[in-house]
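Novice: A predicted structure for the sequence below; I have some questions about it.
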Amino acid sequence: MLRLFKKILKTGVVTEKCKVPKDDELEKLGIQIKRCIDKKFSGSIAIRQVDAGSCNACELEVHALNNPYYDIERFGIHFVASPRHADVLLVTGPVSRHMQTALLRTYEATPDPKWVVAAGDCAACGGEFGTSYASCGAVSNVIPVDAVIAGCPPTPLALMKGLLGLINR
């Protein structure tokens, strides 16, 4: 074990320097979001993301919001682990029958006032899954929805624009 630590100390850091990407649209959008959140929410807004039965494409885009490129936390948007700490429920995928009860419990556990965002085409209208014996279809068939972000899957910028639209309402 000590031999390994000595090797690490001797070798040092061998990775390349990371160039910070510059995206003007992202920065402008982020600044708008930050201003709205500072004005209406005193600094931050908390989101609880719920996968109601999706193919995980939307989750990949939602998780990209937290990567170093988008870094949505610098604009005052935080993802939380409990619906009891959330201001917004971000629901992805068509609501499967097995997730219907869990989604209702999550909605009830979220304190008022709360917003519900249906992210992606499947959450908006059921997508290619529609309504069937195994699927309730759109999120709005189970709980009230305040905003819809279209796309299959919606890009991180589309998600940020949708959240800004929701905050500005």
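Specialist: Perfect, thanks for sending it.
Novice: strand partners of the longest strand anywhere in the chain, parallel vs antiparallel please.
Specialist: Using DSSP state E, we find that the single longest strand of the chain is strand 45-51. In the sheet, strand 45-51 lines up against strand 77-79 (parallel), strand 88-92 (parallel) (DSSP bridges).
Novice: tell me the mean pLDDT for the longest one?
Specialist: Averaging pLDDT along strand 88-92 gives 93.
Novice: by contact count, what packs against the helix or strand that it is followed by?
Specialist: Helices and strands here follow DSSP states H and E; after strand 88-92, the next one along the chain is strand 95-96. Packing partners of strand 95-96 (3 or more Cβ pairs under 8 Å, 6 or more residues apart in numbering; DSSP states H and E): strand 135-137. C-betas here are computed from N, CA, C, even on glycine.
Novice: so how far is the very next helix or strand once past the strand it packs on off the chain centroid?
Specialist: Note on strand 135-137: by DSSP H and E, the next helix or strand toward the C-terminus is strand 147-149. A distance of 12 Å separates the C-alpha centroid of strand 147-149 from that of its chain, computed with Cα atoms, centre = their mean, to the nearest Å.
Novice: quick one: mean pLDDT over whatever helix or strand comes next after strand 147-149.
Specialist: Remark: after strand 147-149, the chain's next helix or strand is helix 156-168, criterion DSSP H and E. The pLDDT scores in helix 156-168 average 90.
Novice: and for stretch 7-23?
Specialist: In the prediction, stretch 7-23 has an average pLDDT of 75.
Novice: buried set for it?
Specialist: Within stretch 7-23, no residue is scored as buried using 16 or more other Cβ atoms under 10 Å.
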